[in-house]
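Trainee: I would like the atomic coordinates for the input below:
(chains A, B and C)
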Amino acid sequence: MVSKPHGGRLVDRVARGRRRELLLDEAKELPRLEVGFDRAVDLEDIAHGVYSPLEGFMVQEDYLHVLYDMRLSTDHPWTIPIVLDADPEELGDVREGDDLALTHRGRVLAVMRVEEIYGWDKREYARMVYKTTDPKHPGVAKIYGMKELLVGGPIDLVDELPNPLERYTLWPAETRVLFRERGWRRIVGFQTRNVPHLGHEYVQKAALTFVDGLFINPLVGWKKPGDYRDEVILAAYEALVKHYYPRNVVVLAALRMNMRYAGPREAIHHAIVRKNFGCTHFIVGRDHAGVGDYYGPYEAWEIFQEFPDLGITPLFIREAFYCRKCGGMVNEKVCPHGDEHRVRISGTKLREMLRRGEKPPKTMMRPEVAEAVMSFDNPFVEA
Amino acid sequence: MDERKGKYTTVSIPVTLYNRIKKLIEGTGFTSVSQYVTYVLREIVAAHEEARYEEPFTQEDKERILERLRRLGYL
Amino acid sequence: MSGDKVAVHISKELYEKAKKYIEEQGGFESVEELVEFVLGEVLSEEGGEQVFSEEEEEKVKERLRSLGYI
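Mentor: Reported below is the predicted structural model:
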């Protein structure tokens, strides 16, 4: 059975029809707060139920619960604070109880009911969520760059951000209907930010052996220079799915969501999000959502022990490599041979080869996938 | 975990049961009987909530979604 | 129910959820009773595994050792 949304109800804060018109009208008179791209993306994800049961940005009680207990004030597991920051000057005389129009690039995206305005301790946030206060950590750096106050309260989305990948975007309500239409009862979610190599395929197929469907859900929208462009990742996956998966066992859809590099805490977050999409299982990688060496390789697996009530089953699948002696893709758990027989797949190496226009060996990447990547003039995000 | 104080309530259990559980969780990573009780209660309550869920879509919502899924080639 | 009791602490939210569970599920009069039942179940499951005395277990281990399994 398709998974129950987190907290029991799929949130829908997208204003439609007459209600949307009324809100847009109201917004003309409201004080405005301009938000950056990251917060606009959060807004979109909240409104479409990706973050169910959240209906807006967190108030202090939830924020502190999440920080210290890894739970919402309702006791539901939640590991990453979803907060809106603002400077006192920007807020002017906005008070708790007021409505606020949230704009991005001057356009009204949402109307927010301000429930609470409160201060926060960024170092404490970093210490609890990232387990480090090192400003060199990319997630910590972002937090340190945020504004001095937090504004909590429910939102209503009145306009969507422009979405170049609209054709590939599915929201939780849609995947839940889709999975049911396909008759899938057990669905495994796969999180990615990369072009697939043979290691990814092996991990997905190992999981797929035991369930009805695979939901490949790349995060898109916020790349740094040198990363694959979003269209490239989707084209690469389309090639892989077309040539190497049976019909009707895979759903490929993009998700625009902020990446926070919070390692173990973010692994839980990613699992909760996929639960909202209807997944019953979720593949957790080694050093999932980690960065540098801030987190132990298996910390993202261990943290799941603390959540007997997560409502989605994590699958811990080891990294795969090609073994010449085994004659196929294997992992540490099933292959006894030494390093001299193994072809380790390095994402960085593959990227360099593709950048030079070289086709990677078949033991690392499917030729159809490599071709799909190389069919782009420039597959990478420019500096 | 559970560093914050305040919003707790108590449940009383027989001393013999308490002691047996205390012994059971020795060396398992659970640091108190309260922590263990919290763990098993969460497990039970969550499994129960899971079983009771029904999708709240209206027929109209569902039609709209199905149409988009067909248009994009997912169905 | 009689005898001495000890208090364990759970969050108010969880207590409320447990109460709701009881209302919907029936079979229990109070959260106390539910907790007692569940812990009892845990113990009986655990207890089920202890078919060996320590002495017997040592014998089995010895054989496994002699056969090279451990």
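Trainee: what residue, apart from its backbone neighbours, is nearest A:Met146 spatially?
Mentor: Counting by Cβ to Cβ, 6 or more residues apart in numbering or on different chains, A:Met146 lies nearest to A:Asp85, which is 4.2 Å off, once chain neighbours are set aside. Any C-beta I mention is one placed from the backbone N, CA and C, and that applies to glycine too.
Trainee: quick one: mean pLDDT over whichever helix or strand that neighbour is part of.
Mentor: With secondary structure defined by DSSP states H and E, A:Asp85 is part of strand A:84-86. Mean pLDDT, strand A:84-86: 98.
Trainee: which parts of the helix or strand hosting A:Thr348 are buried?
Mentor: Element membership for A:Thr348, per DSSP H and E: helix A:347-355. Across helix A:347-355, burial judged by 16 or more other Cβ atoms under 10 Å in any protein chain shown covers A:Leu350, A:Arg351, A:Met353, A:Leu354.
Trainee: next, format the residues you listed as JSON lines and append pLDDT and distance to chain B.
Mentor: Below are the buried residues of helix A:347-355 laid out as JSON lines (pLDDT from 0 to 100; distance: Cβ to the nearest Cβ, whole Å):
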{"residue": "A:Leu350", "pLDDT": "95", "distance to chain B": "29"}
{"residue": "A:Arg351", "pLDDT": "94", "distance to chain B": "30"}
{"residue": "A:Met353", "pLDDT": "95", "distance to chain B": "32"}
{"residue": "A:Leu354", "pLDDT": "94", "distance to chain B": "27"}
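Trainee: which one among those residues gets closest to A:Cys326?
Mentor: A:Cys326 lies nearest to A:Leu350 out of those, by Cβ to Cβ, at 21.2 Å.
Trainee: can I assume the closest one is in contact with A:Pro196?
Mentor: No - counting by Cβ atoms under 8 Å, A:Leu350 sits too far from A:Pro196 to count as a contact (10.3 Å).
Trainee: who touches both of the two?
Mentor: Common contacts of A:Leu350 and A:Pro196 (Cβ atoms under 8 Å, 6 or more residues apart in numbering or on different chains): A:Met365.
Trainee: and the residue of chain C closest to chain A?
Mentor: Closest approach between chain C and chain A, counting by Cβ to the nearest Cβ: C:Glu13, at 3.8 Å.
Trainee: so that residue is in which element?
Mentor: Going by DSSP H and E, C:Glu13 is part of helix C:12-25.
Trainee: now A:Leu109
Mentor: strand A:107-113.
Trainee: pull out the buried residues from that strand.
Mentor: A:Val108, A:Leu109, A:Ala110, A:Val111, A:Met112, A:Arg113.
Trainee: then stretch A:291-299?
Mentor: A:Val291, A:Tyr294, A:Tyr295, A:Glu299.
Trainee: what's the neighbour count on A:Ala47?
Mentor: Each residue near A:Ala47 was counted by other Cβ atoms under 10 Å in any protein chain shown, and the total is 24.
Trainee: again with A:Glu181
Mentor: 15.
Trainee: wait, it sits on B:Leu66?
Mentor: Yes - because the distance of 7.2 Å satisfies Cβ under 8 Å, A:Glu181 is recorded as touching B:Leu66.
Trainee: what's the single longest helix in chain C?
Mentor: Using DSSP state H, we find that the single longest helix of chain C is helix C:31-49.
Trainee: same question for the helix or strand that it is followed by, mean pLDDT?
Mentor: Once helix C:31-49 ends, the next helix or strand along the chain (criterion: DSSP H and E) is helix C:54-66. With pLDDT averaged residue by residue, helix C:54-66 scores 89.
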